[in-house]
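> Pasting the sequence and the predicted coordinates here, then a few questions.
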Amino acid sequence: MFREIGIATGHCDFCGDYGTVALLAVTKPKAFEHVQGCERCWRATGRAADLLRVVRLGKAPKAKHTPKASRSRRRSDPKPAAGHPSGVEHEGGTTVPLAASGLS
């Protein structure tokens, strides 16, 4: 869009004040070869560009968040072994009662 930027002394194209201006040379000359403006006006055009950006982003659809991958829980120390489900503690032998086995 602009082929070069320079500094010169002249009239600002925006406000008409005379003084030091920044020149932007246009790549495709149509009605003018360059745009020149004072510091105050270039700062105002920068704020106008920021405003256009805000409007453009405000109209854009909001991006959907991608779901995060679920993390596996931290493995803790193993819990002590649970007791026997019947609640009766056995000391290593048979589980058959002595009277039923005929060994009394």
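Yes, it's here.
> Leaving out chain neighbours, which residue sits closest to residue 10?
residue 21 (5.3 Å; CB to CB, 6 or more residues apart in numbering). In this view, the C-beta of every residue, glycine as well, is placed from N, C-alpha and C.
> what element comes up after the helix or strand where that neighbour lies heading to the C-terminus?
Using DSSP states H and E, residue 21 sits within strand 18-26. Remark: after strand 18-26, the chain's next helix or strand is strand 34-37, criterion DSSP H and E.
> Which elements pack onto the next helix or strand after that following strand?
Next along the chain after strand 34-37, taking DSSP H and E as the criterion, comes helix 39-59. Judged by 3 or more CB pairs under 8 Å, 6 or more residues apart in numbering; DSSP states H and E, the packing partners of helix 39-59 are strand 18-26.
> So what touches the strand it packs on?
If you take CB atoms under 8 Å, 6 or more residues apart in numbering as the criterion, strand 18-26 is touched by 1-12, 32-39, 42.
> ok, now stretch 2-16?
With CB under 8 Å, 6+ apart as the criterion, stretch 2-16 contacts 17-27, 35-38, 40-41, 44-45.
> Next one: residue 14 from residue 40, what distance?
Remark: distance between residue 14 and residue 40 (CB to CB, to the nearest Å) = 9 Å.
> quick one: terminal-to-terminal distance for stretch 28-44?
Start-to-end span of stretch 28-44 (CA to CA, to the nearest Å) is 24 Å.
> What average pLDDT does that stretch get?
Average pLDDT, stretch 28-44: 85.
> List the contacts of that stretch.
By CB under 8 Å, 6+ apart, stretch 28-44 touches 8, 10-15, 17, 19-26, 45.
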